[in-house]
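Student: Just to be clear, the model below is a prediction. Sequence and coordinates:
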Amino acid sequence: MSAPANPARGEAAIRVAGQPVVLRPTFAALVAAEEELGPLFALVERAARGDLKLAELVALFWHCRHDAPPALTRETLGEAVVAGGIAGATPALKLLLRQVLAGQ
């Protein structure tokens, strides 16, 4: 099991199958997310307007997952986000987007 999320490092966590999955917005993770989703600043703007799609949120979480169980799939992650509701995913999303804007 990985260490708990460290908000001071910009990390967040979400629960998947009852276990926390740490989301760490490293340079490599954010580059991968940007390759899939387009410019990160535009992603932040869409989120601020309430126009962020569920698929985009899951993609960002997927690319930022850190030390996740090998059996974790993107579909399982997406199902966990849906099961927890958008409101449940919002704190982790806010932390990641804050890191995109402010850095460390």
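Tutor: Cool, got the structure.
Student: What segments of this protein are helices?
Tutor: In the chain, the segments counted as helices under DSSP state H are 27-37, 40-49, 54-64, 74-102.
Student: by contact count, what packs against the second one?
Tutor: Counting by 3 or more CB pairs under 8 Å, 6 or more residues apart in numbering; DSSP states H and E, the packing neighbours recorded for helix 40-49 are helix 27-37, helix 54-64, helix 74-102. Every C-beta, even on glycine, is put in place using the N, C-alpha and C of the backbone.
Student: quick revisit: same list (the helices of the chain) but as CSV, adding distance to Ile14.
Tutor: Shown next, in CSV, are the helices of the chain (distance: least, CB to CB, whole Å):
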stretch, distance to Ile14
helix 27-37, 15
helix 40-49, 16
helix 54-64, 7
helix 74-102, 5
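Student: so which of these gets nearest Gly18?
Tutor: Nearest of the helices of the chain to Gly18, taken as CB to CB: helix 74-102 at 9.5 Å.
Student: Quick one: distance of that closest one to the chain centre.
Tutor: 5 Å (CA atoms, centre = their mean, to the nearest Å).
Student: Buried residues of it, list them for me.
Tutor: Buried positions in helix 74-102, judged by neighbour count with 16 or more other CB atoms under 10 Å: 77-78, 80-81, 89, 92-93, 95-97, 99-100.
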